[in-house]
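A.B. asks: Can you look at this prediction? I've put the sequence above it.
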Amino acid sequence: MNECIIKATNVHKRFGKTKVLTGVDLCVPRGAVVGLLGTNGSGKSTLIKCLLGLLRVDDGDVQTLAEDPWDLSADAKERLGYAPQEAKLYAWMKAGQVVEYTAAFYANWDARWVQDLMRRWEVEPEQRVGTLSTGQLQKLSLVLALGHRPELLVLDEPVASLDPKARREFLRSLLEITQDAQHTVLFSTHITSDLERVATHVAFLQGGRISFFGGLDELKEQVKRLRITAAADLPSTFAVPGAMRTEVDGRTALVAVPKANDHLLDSLRSQWQADVTVENLNLEEIFLELHDA
Amino acid sequence: MASSPLRFEIHPSSGMPIYRQIMAQVRALVAGGKLSAGELLPSVRQMAGELEINMMTVSKAYARLEAEGVVERVRGKGMRVRESSPHGNTAERKADLRQHVEAMVTRGRQLGLTDEQIQAVVKSVLKEWPS
């Protein structure tokens, strides 16, 4: 399964003098549920828009569903679902009308499922879009993106304004749609706990590039924090090769490493006559270690 | 949910990957005799549905358990606990538990609890969860 549903190669994008993307490489394999993580302003939305052809890249190449997103065919659009960070829908329509209006564009619209989603997510079909709260509007926007069970689903901060109950319902629906391992999802978020439940892969967008892309399990298995207690004070120059972050305080040091292995631990133990313990890190901690360097 | 008497519990925000958490719990259930040879694990779909996690995560855990020889795949039925599970004797089971107890004691000390207070917590949990 090496097929890339989305493939970005050396993508650059700038706005005026501000360089946002400076060489993004990314391959999203079929069936993956990818969480795109990055700090505020790291360019997550810009990248998503470039991948969907809503923004034109300055340099580099993007293939989405094996097509150039800037010139996407009607067929590819049928297979694609997108919910932007802030949905812009006709304020004068009722929620149910927006759904019907959107359904008309898709041959494979799953009306029963959509009805079910609206009931579970508590989106009232009779309510006017203009009177919906931010959270309600986001839920409606997600329903619209999911309605045709798209082969590729791209969501920009889908849970940002959802309450915990709605978030849980949303995650459940994501799991329903992805359980056949044929549907692919890319979603940006800064809520790592939700991502840990559903994501198969994570991508970190950092400094205009993807600084890490890989399986969530592999990430958790490899990135560790070492607590080193040496026999004597550690020098201020103390460093572990490849470390993401190092904090030295007297005889002890905290070091986050991208790949912990026995060889590394043994060499630290013998070099500093140190006691070394290995701590697991969850996604949020890994994120912080990566961004705190 | 009533269909599954086995109690699995996962912590998505733990540093341990979810599939490893499932593996550890299956091993513990087998070692402790709560799952005996010949019994079936919940189906991948059922387990993923109940825990609200990706089915691929459950499949991965089951495949690894199969490779370890804890369970075997029975065509059309699912995963069955194998006869001679390699995780049998008391010493091994104690060693498994020990890791968890060490983590607990560390946390207790960090919280500034005395040995008696830590023991009291353990006793009250044991009471709430009769075997």
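C.D. replies: Arrived safely, thanks for sending.
A.B. asks: which secondary structure element contains the residue nearest to A:C4 when sequence neighbours are not counted?
C.D. replies: Distances taken as CB to CB, 6 or more residues apart in numbering or on different chains place A:C27 nearest to A:C4, at 4.0 Å, with adjacent residues excluded. Any C-beta I mention is one placed from the backbone N, CA and C, and that applies to glycine too. Per DSSP states H and E, A:C27 falls inside strand A:18-29.
A.B. asks: tell me the mean pLDDT over that strand?
C.D. replies: What strand A:18-29 shows for mean pLDDT is 96.
A.B. asks: For it, buried residues please.
C.D. replies: A:V20, A:L21, A:T22, A:G23, A:V24, A:L26, A:C27, A:V28, A:P29 (16 or more other CB atoms under 10 Å in any protein chain shown).
A.B. asks: Next secondary structure after that strand?
C.D. replies: strand A:33-37.
A.B. asks: Just give the number of residues close to B:R107.
C.D. replies: 11 (other CB atoms under 10 Å in any protein chain shown).
A.B. asks: Can you list the neighbours in contact with the helix or strand containing it?
C.D. replies: Per DSSP H and E: B:R107 is located in helix B:90-110. Outside helix B:90-110, the residues that touch it by CB atoms under 8 Å, 6 or more residues apart in numbering or on different chains are B:R27, B:A28, B:A31, B:G32, B:H87, B:Q117, B:I118, B:V121, B:V122.
A.B. asks: What segments of chain B are helices?
C.D. replies: Along chain B, counting by DSSP state H, helices occupy B:18-31, B:44-51, B:55-68, B:90-110, B:115-128.
A.B. asks: export these to CSV and tack on mean pLDDT?
C.D. replies: Listed next are the helices of chain B as CSV, based on pLDDT from 0 to 100:
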stretch, mean pLDDT
helix B:18-31, 92
helix B:44-51, 91
helix B:55-68, 92
helix B:90-110, 82
helix B:115-128, 90
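A.B. asks: quick one, which of these is nearest to A:A107?
C.D. replies: Smallest distance to A:A107 across these (CB to CB): 27.6 Å, for helix B:55-68.
A.B. asks: For that closest one, which helices and strands make contact with it?
C.D. replies: Where contact means 3 or more CB pairs under 8 Å, 6 or more residues apart in numbering or on different chains; DSSP states H and E, helix B:55-68 is packed against helix B:18-31, helix B:44-51, strand B:71-74, strand B:78-81.
A.B. asks: got JSON lines for those, with mean neighbour count too?
C.D. replies: What follows is these, written out as JSON lines (neighbours: other CB atoms under 10 Å in any protein chain shown):
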{"stretch": "helix B:18-31", "mean neighbour count": "20"}
{"stretch": "helix B:44-51", "mean neighbour count": "18"}
{"stretch": "strand B:71-74", "mean neighbour count": "15"}
{"stretch": "strand B:78-81", "mean neighbour count": "19"}
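A.B. asks: Let me know which of the ones you listed is the nearest to chain A.
C.D. replies: helix B:18-31 (6.1 Å; CB to the nearest CB).
A.B. asks: could you say what helices and strands that closest one packs with?
C.D. replies: Partner elements for helix B:18-31 (3+ CB pairs under 8 Å, 6+ apart): helix A:216-222, helix B:55-68, helix B:90-110.
A.B. asks: Pull it out as PDB, backbone CA atoms only.
C.D. replies: Provided in PDB are the C-alpha atoms of helix B:18-31 (Å, rounded to 0.1, in the frame of the first residue of the first chain):
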ATOM      1  CA  ILE B  18      -2.900   1.700  22.300                       C
ATOM      2  CA  TYR B  19      -2.100  -1.600  20.600                       C
ATOM      3  CA  ARG B  20       0.400  -2.400  23.300                       C
ATOM      4  CA  GLN B  21      -2.100  -1.600  26.000                       C
ATOM      5  CA  ILE B  22      -4.500  -4.100  24.500                       C
ATOM      6  CA  MET B  23      -1.800  -6.700  24.200                       C
ATOM      7  CA  ALA B  24      -0.800  -6.200  27.900                       C
ATOM      8  CA  GLN B  25      -4.400  -6.600  29.000                       C
ATOM      9  CA  VAL B  26      -5.000  -9.700  27.000                       C
ATOM     10  CA  ARG B  27      -1.800 -11.300  28.300                       C
ATOM     11  CA  ALA B  28      -2.800 -10.300  31.800                       C
ATOM     12  CA  LEU B  29      -6.300 -11.800  31.400                       C
ATOM     13  CA  VAL B  30      -4.900 -15.000  30.000                       C
ATOM     14  CA  ALA B  31      -2.200 -15.300  32.700                       C
END
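A.B. asks: Report the inter-axis angle for it versus helix B:90-110.
C.D. replies: Orientation check (axes from the mean of the first three to the mean of the last three CA atoms, to 10 degrees): helix B:18-31 against helix B:90-110 gives 130 degrees.
A.B. asks: contacts for helix B:18-31?
C.D. replies: By CB under 8 Å, 6+ apart, helix B:18-31 touches A:196-197, A:217, B:6, B:8-12, B:14, B:16, B:35, B:41, B:47, B:53, B:57-58, B:60-61, B:64-65, B:68, B:70-71, B:81, B:85, B:87-88, B:92-93, B:96.
A.B. asks: Quick check: pLDDT value at A:T189.
C.D. replies: At A:T189, pLDDT is 89.
A.B. asks: pretty sure it is in contact with A:P158, am I right?
C.D. replies: Yes: the pair A:T189 and A:P158 qualifies as a contact (CB atoms under 8 Å) at a distance of 7.1 Å.
A.B. asks: So those two - more neighbours on which side?
C.D. replies: A side-by-side neighbour count of A:T189 and A:P158, using other CB under 10 Å, places A:P158 first with 28 against 20.
A.B. asks: Wait, a strand at the more buried one?
C.D. replies: No: applying DSSP: H, G, I helix; E, B strand; the rest coil, one finds A:P158 to be coil, outside a strand.
A.B. asks: Any chance of the backbone angles for it?
C.D. replies: Note on A:P158: its backbone torsions stand at phi -70, psi -20 [degrees, to the nearest 10].
A.B. asks: What separation do you get for it and A:F170?
C.D. replies: For A:P158, the distance to A:F170 equals 7 Å [CB to CB, to the nearest Å].
A.B. asks: Identify the contacts common to those two.
C.D. replies: A:L142.
A.B. asks: What are the buried residues along stretch A:189-199?
C.D. replies: Neighbour-count burial for stretch A:189-199 [16+ other CB under 10 Å]: A:T189, A:H190, A:I191, A:T192, A:D194, A:L195, A:E196, A:R197, A:V198, A:A199.
A.B. asks: Thank you, goodbye.
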